[in-house]
Structure formats: C-alpha cells, structure tokens
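K.L.:
can't give you the sequence, but here's the structure:
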C-alpha cells in the first residue's frame, strides 16, 4: 500500500519534473538556432544550473520571509502534483483521484496565488508590478482553462483523467473538439509565463517577479516553470491526444511521445509568436479567447450528445 | 467506512493546520499574510473533506478559495496603509468581549458535539459521491442549484451597480466633494484646483480601466 | 477521525471566526472572520453527511450552497466597502457612526 500510494506517485512526479525540466532547457537551446552557441547544447543547462548553485542567494531589505523562501518551492510542488495526476496506462497512475481533472484546475488557481506571493514577498516595486500583472491575466487564463476542461469531461461523463482517456478510444478530442487544444496551449504558455506571454517575469520589468532572485532559489524558480510546462504538455496529451492509446508500442511510451510532441509545439510557439502588451493581452483573453472557449464547450456538448 | 491509521494521522495534521492558521489570521501584522493564512485554513479543511471521501467538495474548496483569497489580498493592499507588515498592526475593539464570546461559542458548540446524540449512519460501503452529487444537482435539487446561479448573477449586477462610478447620465459623484480625512479637513483624494481643469479631459477615458 | 472530533474542530473554527468578526475594526478583516465561521459550517455539514446522513446527496448540496453564499458575501461586501470608502474615506467600523443617533 505504501509502495503504490506514496512512493510510486513520488517517483513518477519527480522523475518527470527533473528530466522534463532538463529537456525543456535543451530543446529551447536547440530551437534558438542562429544565435551563437557557447559549448555543448546538452551540457549548457547543467553548467548554468551548477553556476547558479554556487552563487549567493541575495535577499531584499525587508522581504516577507516565509513567502520569500517558500514561493519557488511551492510552484515546483504544484508542478509535481500535476505530474502525479497523469495516467501512463490504465493501471499505472500516480494519483487516481475521481476528480483529478478538477484538481488540475485548482492547481492552476493555486499557481496564481504562488506567483503573486513570489512577486509580492520580495518587497520591491518591479517584482510587485509583475505580480499584479500576473493576477490580472491569471484570472482570465483560469476561466478559459476551466471551460476547455469541462468540454473534455463531457464525453467521458467523468472527472477522472483515466476515463477521459478511455472516452477517446474511437476519436481523439483534438479532432472532435478542434478548439480545445489550441486554447489549452495558450493557457499553458500563460500559466508558465513562457515566450510571448511572459508578462510577469518579462524583460520590460527587468525580470519581473524574479528580479531580486539569485543563486539556488532562482534555479528552483526556473526549474519550477519548466516542470509546469512539462506538466501542461502531459495533461494536454492526456486530455486531447488520447494519452496512452496507440498501436504497437506500450502505453507509457505513447504518452511520452505525445507529451514530447506537445512540449516541442509549446516551445516553438514560445519562440515564434509575437509579444503583446499586457493590456492588449487582457483584452484578447476576455474578448476573443473566452468566448471561443464558450463555443468549444457548446460544440463539445453537442458532439457528446450526437455520439451518445 | 473504516479509516486507516494514515487517514487518522493526516486528519490530526490537517486539523492542527486548520485551527493554527485560522488563529494566525487575526494576529499577524500583514493583511496579505492574513488572507493567505485564511487560504491555508480552507485548504486544510478541503483536505479533511477529501479524507471524508467528499472528493469533489474538497477539490472545489481549493480552487474557489484560492481565487477568493487572491482577490481578498488585492483588496487588502488597496485599502490598508500597511499591507506588507513592516509595522506592528493591531486594529481591534471590544477585544475582551470578543474573546469571551468566541470561547463561549466554541464551548457551547463543542458541548453539543460531545453530548449530542447523533444517528450513526456511516457512508454505505460502495457509493460514488461525485456521481450522486451530480445527479442531485441536476435532478431533485435542480431548482435550488439554479436559484443559487440566478442569485450569483443578481449579485454580479448589483456589485457592478454599487461599485461603478458611471451612470447613464455621466459620473455618479459629479460635483460632489469627498469629506476630509479628519473632521473639517481638506477634501481627501482631490487634486488641487488648477490641476483639476487640466485632468478633466483625460479623466473619462481612464475610468473604464478600473 | 470521528464525528465528535470533526464537530469539535468545526466548533473551534467557528469560535475563532466569531472572535474575529466581533473584534476586528477593519471591514476586510471582519469579513475574514465571517468566512472562517462559514468554513467551520461547511466542515460540520460534510462531517454530518459522512457519519450520520448515510451519504445523502443533499448534504453535499448544502456545502455547495454555502460556497455560493461565501462568494456572494465577498462580492457584495467588497462592493459596499468600495462605496463606503468613496463616500466617507472610511475603512473601519468606527468611522461609520451615523446610525448611532
């Protein structure tokens, strides 16, 4: 009981988080082709991580001590909980909660709190602006993600991720709900503030919520963002690309391939999409993407009724 | 339902966390910290709900309260002069009465809990709490659920009306002068006379963003 | 984890919340006291559902209704606080003494 309820989810989540974050760093460097590369692509992330580990962790004049220390670790913990929810095969699931889809949604809500704490606790103005910016945007990401995930749960008649996968036996949701995956990818880029949607830790705030960070905590924060991106690709592969399903290969292998494909698409989008000003981004989310997620939900309901 | 030892340990830890963080809400120096302590208390109670197999309610607690407390923390920063807790803060009145009343409420309610004779009808061995909740929400109790939805919609309309500065005929507080911060003082939050005329054109466009 | 321990825990949360609602001067802190009381009420509802309601779905429904009440309380509370602040620059209960006369 202890083995499969405590140790297995722990191992699955941390393996995915550690290896995944490393993979994100490598892939991102591979995609930055054209710019001059220093050293090997495979060793460079490890080298910069080791460099950060040796640096001193500076602190601000009067930070909110508990939140300042805990925020990066909490974000990493949220990513790990998300990774533990992913079903690798009908039987190999880290945490098989009957409401795992809703738990994923609440991780997104808690991420808003953690990112706000990360920026607020530094007690420095640029970090605080980054935190406020994220809260304003984060609420709109949350709503879009909720509607898209409800659409996925409708045909499965369940909030359990294993049953969401089982419901895609005949047709993957990426085909039957064409709006779902693109919207979910936008939410993924937003929640990890990656690429064009990096408005919380952006360069115009000279690093945003992480402006005062240095040394090991900065490494943990970067690791947490990368692990969250991996968790997003694994959940997207589960909810839209049929999870473990596929011919010839065993289930876990298919899930890995699909998550990797989503991860590559996310990183490529992060490199190619244009940046938006925060206020325009907010308008885009509420005026364009949120109504689109309503359309997705109505479409999903109609298809589920028609297929039933 | 026979809980395992692990469930008991988890319950004790979560119960201690819920009470401690609930108590810290009212004796911390920072309002933002207070609202996140309250969130911690809610999360602990949500965890206990999951232990009681109310899996949907426990998880719903997480996301409902995460968003609510986030909004609360933002309001804290807007209203409070000391959001970051750099100075000690204690803003209480009638404290002794309140402590006595709080202890009395706890005493009476726990006496009911200890002495009361409640029916012993545990959960059936095989039941699906999420499915039964879903069937109840959109079955027998649909009217109640829909009423809650309509009340929420009414609240949204009411809140927008209450907090909007703009009416159909322009600004609701046009020409009014806010009272001073102390009796007989300068009007609070008003620009100086000369600045007011300059700021008038830009003022309308800015209001929409709030 | 028995019905009695769960109810005592709920009573403790309600007691702390009652203290907060009575003693805090700031509107927002006062609302936190109310929320803590509702937190205890939700826990008691789920405890009764699990131990002496035989899993009747109405018990879970009651908790959902309390959650809706919390959302309404917060939204209306903040709207009123904003309106009062605009009218009187007041953010504590002492500053509103007009009904005393």
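P.N.:
In hand now; what should we look at? Computed from a prediction, not measured in an experiment: that's the story for all the values here. Numbering: from 1, shown residues only, chains lettered A, B, ... in the order given.
K.L.:
hey, where'd the strands end up in the chain?
P.N.:
Chain wasn't specified; assuming chain A. In chain A, no strands are found when defined by DSSP state E.
K.L.:
meant chain B actually
P.N.:
Counting by DSSP E, the strands of chain B are B:166-167, B:170-171.
K.L.:
so residue A:181 sits right up against residue A:237, yeah?
P.N.:
No - with contact defined as CB atoms under 8 Å, residue A:181 does not reach residue A:237; the gap is 9.8 Å. Just so you know, the C-beta spots here come from the backbone N, C-alpha and C atoms, and that holds for glycine as well.
K.L.:
Looking at these two, which one has more neighbours?
P.N.:
Regarding residue A:181 and residue A:237, a neighbour count based on other CB atoms under 10 Å in any protein chain shown identifies residue A:237 as having more, with 26 against 23.
K.L.:
who touches the residue lying closest to the more buried one once chain neighbours are set aside in this structure?
P.N.:
In space, residue A:237 comes closest to residue A:258 once its chain neighbours are excluded; the distance is 3.8 Å by CB to CB, 6 or more residues apart in numbering or on different chains. For residue A:258, the contact set (CB atoms under 8 Å, 6 or more residues apart in numbering or on different chains) comprises A:237, A:241-243.
K.L.:
what about the stretch 151-300 of chain A, any weak spots by pLDDT?
P.N.:
Nowhere does the stretch 151-300 of chain A drop to pLDDT under 70.
K.L.:
need the residues of it near chain B, please.
P.N.:
A:159, A:279 (CB under 8 Å from any CB of the partner chain).
K.L.:
For chain C, what's its nearest residue on the stretch 151-300 of chain A.
P.N.:
Per CB to the nearest CB, residue A:159 is where the stretch 151-300 of chain A lies closest to chain C, at 14.2 Å.
K.L.:
Tell me how many other residues surround the residue nearest to residue A:235 when sequence neighbours are not counted.
P.N.:
Nearest in space to residue A:235, with sequence neighbours left out and distances taken as CB to CB, 6+ apart, is residue A:104 at 5.9 Å. The local packing of residue A:104 (other CB under 10 Å) involves 25 other residues.
K.L.:
for residue A:308, same thing?
P.N.:
Neighbours of residue A:308 (other CB under 10 Å): 8.
K.L.:
so where's the longest helix in the chain?
P.N.:
Picking chain A for this. helix A:125-156 (DSSP state H).
K.L.:
not what I meant, chain B
P.N.:
Longest helix in chain B, counting by DSSP H: helix B:55-79.
K.L.:
doesn't residue A:85 make contact with the residue nearest to residue A:235?
P.N.:
Yes - judged on CB under 8 Å, residue A:104 makes contact with residue A:85 at a distance of 6.0 Å.
K.L.:
list residues touching both of those two?
P.N.:
Contacts common to residue A:104 and residue A:85, judged by CB under 8 Å, 6+ apart, are A:161, A:235.
K.L.:
Is the lengthiest helix in chain C in proximity to chain A?
P.N.:
Ranked by number of residues, the top helix in chain C under DSSP H is helix C:57-88. No - Helix C:57-88 stays clear of chain A (CB under 8 Å from any CB), getting no nearer than 12.4 Å.
K.L.:
So which elements touch that helix?
P.N.:
Contact here means 3 or more CB pairs under 8 Å, 6 or more residues apart in numbering or on different chains; DSSP states H and E; on that basis helix C:57-88 packs against helix B:55-79, helix B:129-137, helix B:142-163, helix C:27-51.
K.L.:
Give me the neighbour count for residue C:87.
P.N.:
13.
K.L.:
next one: residue A:198
P.N.:
18.
K.L.:
Same check on residue A:133?
P.N.:
Neighbour tally, residue A:133, other CB under 10 Å: 24.
K.L.:
mind listing what it touches?
P.N.:
A:199-200, A:205, A:208, A:278.
K.L.:
and with 6 Å instead?
P.N.:
A:199-200, A:278 (CB atoms under 6 Å, 6 or more residues apart in numbering or on different chains).
K.L.:
burial count for the residue nearest to residue A:92 when sequence neighbours are not counted?
P.N.:
Spatial nearest neighbour of residue A:92, chain neighbours left out: residue A:252 (6.6 Å); criterion: CB to CB, 6+ apart. Around residue A:252 there are 14 other residues, counting by other CB under 10 Å.
K.L.:
for the one 10 residues further on, same thing?
P.N.:
Residues lying near residue A:262 (other CB under 10 Å) number 24.
K.L.:
likewise residue B:120?
P.N.:
9.
K.L.:
again with residue A:193
P.N.:
23.
K.L.:
Could I get the phi/psi values of it?
P.N.:
phi 30, psi 70 (degrees, to the nearest 10).
K.L.:
Quick check: phi and psi on the nearest residue to it once chain neighbours are set aside?
P.N.:
Spatial nearest neighbour of residue A:193, excluding adjacent residues (CB to CB, 6+ apart): residue A:200 at 4.6 Å. Main-chain torsions, residue A:200, degrees, to the nearest 10: phi -80, psi -40.
K.L.:
list the contacts for residue A:200?
P.N.:
A:130, A:133-134, A:193, A:208-209.
K.L.:
quick one: it from chain B, how far?
P.N.:
Computed as CB to the nearest CB, to the nearest Å, the residue A:200 to chain B distance reads 14 Å.
K.L.:
From residue A:72, how far off is that residue?
P.N.:
14 Å (CB to CB, to the nearest Å).
K.L.:
swap in residue B:155?
P.N.:
37 Å.
K.L.:
okay, these two: which has more neighbours?
P.N.:
residue A:72 (23 against 18).
K.L.:
pretty sure the more buried one contacts residue A:220?
P.N.:
Yes - between residue A:72 and residue A:220 there is a contact at 4.0 Å, judged by CB atoms under 6 Å.
K.L.:
Run a quick neighbour tally on residue A:53.
P.N.:
10.
K.L.:
Find the nearest non-adjacent residue to it, please.
P.N.:
Closest to residue A:53 by CB to CB, 6+ apart is residue A:216, at 5.7 Å.
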